[in-house]
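S.K.: model this:
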Amino acid sequence: MSNAMTADTVRLLIPEMILVLVATAIYLGGLLAEGRGAWRLAALAGLAFAAYSLYLQEAALGDFFTRQSVPLLVDAFARALRWGILMVGGLLVLLMRQADDVRRETAELAALVMMLVALMLTSAAGDVVLLVLGMELVSVPTYVVLFLSRRDREGEEATTKYVVLSLVASALLLYGVSFLYGMTGATQLVAIRTRLAELAVVEAGQVTLLPLAIVLVLAGLAFKLAAVPFHVYLPDVSQGTTTSYAAILAVTGKIAGVVGLVRLVVMVWPEESPLAGKILLALAAVTMTLGSVLALWQVNVRRLLAYASIAHAGYLLLGLGVALLLPEGTPGREAGLTATLFYLLAYCLGAAGVFAALTYLGDHQRELEGVDELTGIGKTHPAVALAMTVCLFSLMGLPPLAGFWGKLTLLVALIKLPFVGSGAVSFWFVALTAVSTLNLLVMAACYLRIIGLIYLRQPVKVPRAEGGWGPRLAALLAAVLITALGLAPRFWLHEAQRASQAVRPAAEPSQTDAASPLRPMRP
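M.R.: Numbering: from 1, shown residues only. Coordinates of the predicted model:
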């Protein structure tokens, strides 16, 4: 199969190239010109232009989706993720606090835009080399924004923890990918999937390295999701950085982790090896339990939300584990991945809205730190308090908001598990269902604690609310999007279903397909 990149392949990357040019212009503009505040608008305009370019690209392809393996895989999954990344990216740009120094502000915005580019590239990666590079391109700008966020001792300690653990996770991921290449002799994801299936069926002795490969790959990607036992950095880093960067870590990490697991595990792993699904379900149970229980004891609001983010990572792993354990072609398999994608969108919107409200309520001298500092903001800042409450209710899973449909679709997919294999209801299924339900109640207690402080207590110290118009608008937009997504979930669920159907293509592309990357194929 030819590995040459054609002009058509480059045209598929026009939205990402637009964002790279925008990030470069913002960074250079901050060095040459003043005008704080205008660069945020420039970043938003760049995201809008990239979205319009993506719309034109899809209009040219019609109702068909390209399956391209050199080195891109532009399918319904990539389409859904690219749109979601642009939408969530707009909220992240808005919620960033305006810096006192224009150079710092432009550096932060440029780093964020480059992280969005990396996430879009990763979602459309059809080759493990591009996928791993995309993961690293997500991490490198994160180092920059964490270093710029707080220059005190606590901030430097948080940055050091993240950098060191991120490098270890990258090494584990690369080591696992090297085993995949060694077993298959291929770097293209579709080819890896085909050859792993052949090895698993024909000569089982040749796949003895498969368990080691899956453990290493899952370890590297679990860091991105902040799943147990690779979660230890997130609470400390979130507490040691600013609210804006805590939001970026919570959102971009979840997107990168889910995309990596879908492309490297769900897409390529052979059905004859159920180990990956079992590991993901075990990680899901431990992660959601540890995250939700430890969140109950936190007094720092960013640390509490970090542990809550760890719990949400468990639910994301739950859907992916279901997708791996159910036989290919069954409705339950698609339901697990569909639920994960829908849950991911609902979580990103809810988390962005909560962090945006916290950013708005802070002041220029200090971040809003303690949970008790939210006491009575329902009376002093009613609009932002309402937006934050809507986002918290969604993260809790209260109907009819988006988070409710995310959790409902996950539990419905989980119900399919008892009928795998023998058809008997297993003890492990009952235990997993009970753990998932109990953790929903624990997480509800965490969020209700915050909502009770907002509305049921008299304000003791009124927050100065110097975050600016950007975080305030981001919180309100997140609440509106969550409500709209909850009231009309059918369209978004349909898009997530189409994306899940495109994850496991039927066969390796032929020479003709590789040479003609814009040849339309049905998902």
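
S.K.: make it CA atoms for all contacts and neighbour counts henceforth
M.R.: Fine.

S.K.: OK, contacts around residue 20?
M.R.: Listed by C-alpha atoms under 8 Å, 6 or more residues apart in numbering, the contact partners of residue 20 are 113, 114, 117.

S.K.: Now name the helix or strand holding the first one.
M.R.: Taking DSSP states H and E as the criterion, the element that holds residue 113 is helix 102-123.

S.K.: which strands and helices sit next to that helix?
M.R.: Counting contacts by 3 or more C-alpha pairs under 8 Å, 6 or more residues apart in numbering; DSSP states H and E, helix 102-123 packs against helix 14-32, helix 38-61, helix 76-95, helix 128-149, helix 243-261.

S.K.: In a markdown table: these, plus mean pLDDT and distance to residue 489.
M.R.: Converted to a markdown table, those look like this (pLDDT from 0 to 100; distance: least, C-alpha to C-alpha, whole Å):
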| stretch | mean pLDDT | distance to residue 489 |
| --- | --- | --- |
| helix 14-32 | 86 | 27 |
| helix 38-61 | 85 | 21 |
| helix 76-95 | 90 | 15 |
| helix 128-149 | 82 | 30 |
| helix 243-261 | 89 | 20 |
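
S.K.: hang on, the earlier thing: most neighbours among the contacts of residue 20, which one?
M.R.: Each of the contacts of residue 20 was scored for neighbours by other C-alpha atoms under 10 Å, and residue 113 scores highest at 30 neighbours.

S.K.: That one: what's it in contact with?
M.R.: Contacts of residue 113 by C-alpha under 8 Å, 6+ apart are 19, 20, 23, 43, 89.

S.K.: Next: residue 27.
M.R.: Applying C-alpha under 8 Å, 6+ apart, we find residue 27 in contact with 103, 106, 107, 109, 110.

S.K.: Could you report the pLDDT at the fourth one?
M.R.: Same thing as residue 109. On the pLDDT scale, residue 109 is placed at 87.

S.K.: Just the element for the closest residue to residue 94 other than its chain neighbours, please.
M.R.: Closest residue to residue 94 apart from its sequence neighbours, by C-alpha to C-alpha, 6 or more residues apart in numbering: residue 470 at 4.6 Å. Element membership for residue 470 (DSSP H and E) is helix 469-487.

S.K.: Mind checking the pLDDT average for that helix?
M.R.: 91.

S.K.: which secondary structure elements does that helix contact?
M.R.: helix 76-95, helix 331-361, helix 382-396, helix 402-415.

S.K.: next structured bit after it?
M.R.: Toward the C-terminus from helix 469-487 - assigned by DSSP H and E - lies helix 489-501.

S.K.: Would you mark the buried spots in that following helix?
M.R.: For helix 489-501, a neighbour-count test (16 or more other C-alpha atoms under 10 Å) marks 489, 492, 493, 495, 496, 497, 498, 499, 500, 501 as buried.

S.K.: okay, the angle between it and helix 469-487?
M.R.: Counting by axes from the mean of the first three to the mean of the last three C-alpha atoms, to 10 degrees, helix 489-501 lies at 90 degrees to helix 469-487.

S.K.: Alpha carbons of helix 489-501, as PDB, please.
M.R.: Output of helix 489-501 as PDB, limited to C-alpha atoms (Å, rounded to 0.1, in the frame of the first residue of the first chain):
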ATOM      1  CA  PRO A 489     -31.100  14.800  22.200                       C
ATOM      2  CA  ARG A 490     -32.200  12.900  19.100                       C
ATOM      3  CA  PHE A 491     -30.000  14.700  16.600                       C
ATOM      4  CA  TRP A 492     -26.900  14.400  18.800                       C
ATOM      5  CA  LEU A 493     -27.500  10.800  19.600                       C
ATOM      6  CA  HIS A 494     -28.000  10.100  15.900                       C
ATOM      7  CA  GLU A 495     -24.600  11.800  15.100                       C
ATOM      8  CA  ALA A 496     -22.900   9.800  17.900                       C
ATOM      9  CA  GLN A 497     -24.400   6.600  16.500                       C
ATOM     10  CA  ARG A 498     -23.200   7.300  13.000                       C
ATOM     11  CA  ALA A 499     -19.700   8.000  14.500                       C
ATOM     12  CA  SER A 500     -19.700   4.700  16.400                       C
ATOM     13  CA  GLN A 501     -20.700   2.700  13.300                       C
END
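
S.K.: contact partners of that helix?
M.R.: 75-80, 334-335, 337-339, 341-342, 402, 405, 485, 523.

S.K.: Narrow these to those that are buried.
M.R.: With neighbours counted by 16+ other C-alpha under 10 Å, the contacts of helix 489-501 contain buried members at 75-80, 334-335, 337-339, 341-342, 402, 405, 485, 523.

S.K.: Tell me how far residue 80 lies from residue 259.
M.R.: 11 Å (C-alpha to C-alpha, to the nearest Å).

S.K.: Then residue 357?
M.R.: Distance, residue 357 to residue 259, by C-alpha to C-alpha: 27 Å.

S.K.: and if you look at residue 496?
M.R.: Distance check for residue 496 against residue 259: by C-alpha to C-alpha, it reads 13 Å.
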